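*Asks:* return a 3D structure for these sequence lines:
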Amino acid sequence: MNFIREHGIGKFVELQRKRIDLLEAMINDFDDGRSKSFYCKRAALLDVSRLRNSIDMAYRQIEQKQINPNGAKKRAKMLKTILQER
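*Replies:* Sure thing, here's the model as predicted:
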């Protein structure tokens with residue numbers, strides 16, 4: 001409510017859309033079948049820029065370590081570790 005009072009409803013809706021987009025990226029690219037509630041909580045609680053940076057970091061690590069795109073458990077573990085550190 002404080003955010004809406006200070007920045008307006010339009011800015012709040014824009015921020016929530018960003019959170020939804022980031023949550024969809026986490027679920028689509030890092031879900032191992034057991035992580036959805038964890039990702040939902042992080043998407044709701046973390047600052048959007050930190051969340052975006054965490055996901056970007058996970059993508060970079062996956063590329064650097066050449067993790068198989070079908071390796072859902074490794075991908076999920078990598079992102080969860082990064083998010084927990086934040």
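*Asks:* contacts and neighbour counts: CA atoms only from here.
*Replies:* Noted.
*Asks:* now the helices for this structure?
*Replies:* 2-7, 9-30, 36-45, 48-65, 72-85 (DSSP state H).
*Asks:* any chance of the ones you listed in JSON lines with mean pLDDT and mean neighbour count as columns?
*Replies:* Output for those, formatted as JSON lines (pLDDT from 0 to 100; neighbours: other C-alpha atoms under 10 Å):
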{"stretch": "helix 2-7", "mean pLDDT": "94", "mean neighbour count": "10"}
{"stretch": "helix 9-30", "mean pLDDT": "96", "mean neighbour count": "16"}
{"stretch": "helix 36-45", "mean pLDDT": "95", "mean neighbour count": "16"}
{"stretch": "helix 48-65", "mean pLDDT": "94", "mean neighbour count": "15"}
{"stretch": "helix 72-85", "mean pLDDT": "93", "mean neighbour count": "17"}
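*Asks:* from Ala25, how far off is Asp32?
*Replies:* Separation of Asp32 from Ala25 (C-alpha to C-alpha, to the nearest Å): 13 Å.
*Asks:* residues contacting stretch 42-57, please?
*Replies:* Residues from elsewhere that reach stretch 42-57, judged by C-alpha atoms under 8 Å, 6 or more residues apart in numbering: Leu15, Lys18, Arg19, Ile20, Leu22, Leu23, Met26, Leu79, Ile82, Leu83, Arg86.
*Asks:* same deal with stretch 29-39?
*Replies:* So stretch 29-39 is contacted by Leu23, Met26, Ile27, Ala72, Lys73, Arg75, Ala76, Leu79 (C-alpha under 8 Å, 6+ apart).
*Asks:* of all pairs in these, which one is the farthest apart?
*Replies:* Spatial extent of the contacts of stretch 29-39 (C-alpha to C-alpha) is set by the pair Leu23 and Lys73 at 17.4 Å.
*Asks:* how about the nearest residue to Phe3, chain neighbours excluded?
*Replies:* In space, Phe3 comes closest to Phe12 once its chain neighbours are excluded; the distance is 7.1 Å by C-alpha to C-alpha, 6 or more residues apart in numbering.
*Asks:* if I look at that neighbour, how far off is Gly71?
*Replies:* Distance from Phe12 to Gly71, counting by C-alpha to C-alpha: 35 Å.
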